[in-house]
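> structure, please.
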Amino acid sequence: VVGHETKFDFERMICGFGGEAEEEKTSLNIKVTPGMRPGMQFVFDSVGDEKDGMVPSDVIVTLVLEPHSRFVCAGDHLATQVNLNLHDAVLGHPMTVLSVHGKKLLLEPPRGTVLGNDASFRCLGEGLPLSDNPMMRGDLFVKVHVFF
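Below you'll find the model as predicted:
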């Protein structure tokens with residue numbers, strides 16, 4: 001969500017002394033910036049395997065999103081769930097949910113509302129940075145789960 005730089009370690013074959021193939025350990029630094037999405041690729045020209053008399057191959061690294069314990073990613077938006085006991089659901093009590101940055105968000109149903117398992121809230125601007133404008137954010141969708 002905030003971006004970071006990571007090191008990608010890999011092994012490649014190089015032409016050693018006398019044209020013998022040798023294995024070499026190497027690494028690349030990859031800068032992941034806000035707004036990047038799974039499937040985006042980083043292409044590093046001519047840093048892969050070498051063969052005698054040929055240009056070294058390219059290395060292509062594909063961005064993969066790791067699962068999060070509380071949020072599901074849907075494009076620029078995030079989704080999560082809040083568990084609410086039956087008593088609070090019937091009374092329509094306000095509840096809090098943590099944003100992806102740990103900020104407490106207050107969810108207040110309209111007065112007199114009974115919350116069911118179909119209830120959901122939309123928190124504007126609490127999702128992921130937009131891919132075409134990282135200064136803007138998608139939304140956070142919160143689904144209510146009523147337990148007995």
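
> for stretch 109-117, C-alpha coordinates in CSV please.
In CSV, the C-alpha atoms belonging to stretch 109-117 read as follows (Å, rounded to 0.1, in the frame of the first residue of the first chain):
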residue,chain,number,x,y,z
PRO,A,109,-25.8,2.9,11.0
PRO,A,110,-28.8,5.3,10.6
ARG,A,111,-30.8,5.6,13.8
GLY,A,112,-33.3,2.8,14.3
THR,A,113,-31.6,0.5,11.8
VAL,A,114,-31.5,-3.2,12.6
LEU,A,115,-28.3,-4.7,11.1
GLY,A,116,-28.5,-8.0,9.4
ASN,A,117,-25.9,-10.2,7.6
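
> roughly how far is it from the heart of the chain?
From the chain centre to the centre of stretch 109-117 is a distance of 31 Å (Cα atoms, centre = their mean, to the nearest Å).

> for that stretch, buried residues please.
109, 115 (16 or more other Cβ atoms under 10 Å). For glycine as for every other residue, the C-beta is placed from the backbone atoms N, C-alpha and C.

> do stretch 97-107 as well
Under the neighbour-count criterion of 16+ other Cβ under 10 Å, stretch 97-107 has 97, 99, 100, 107 buried.
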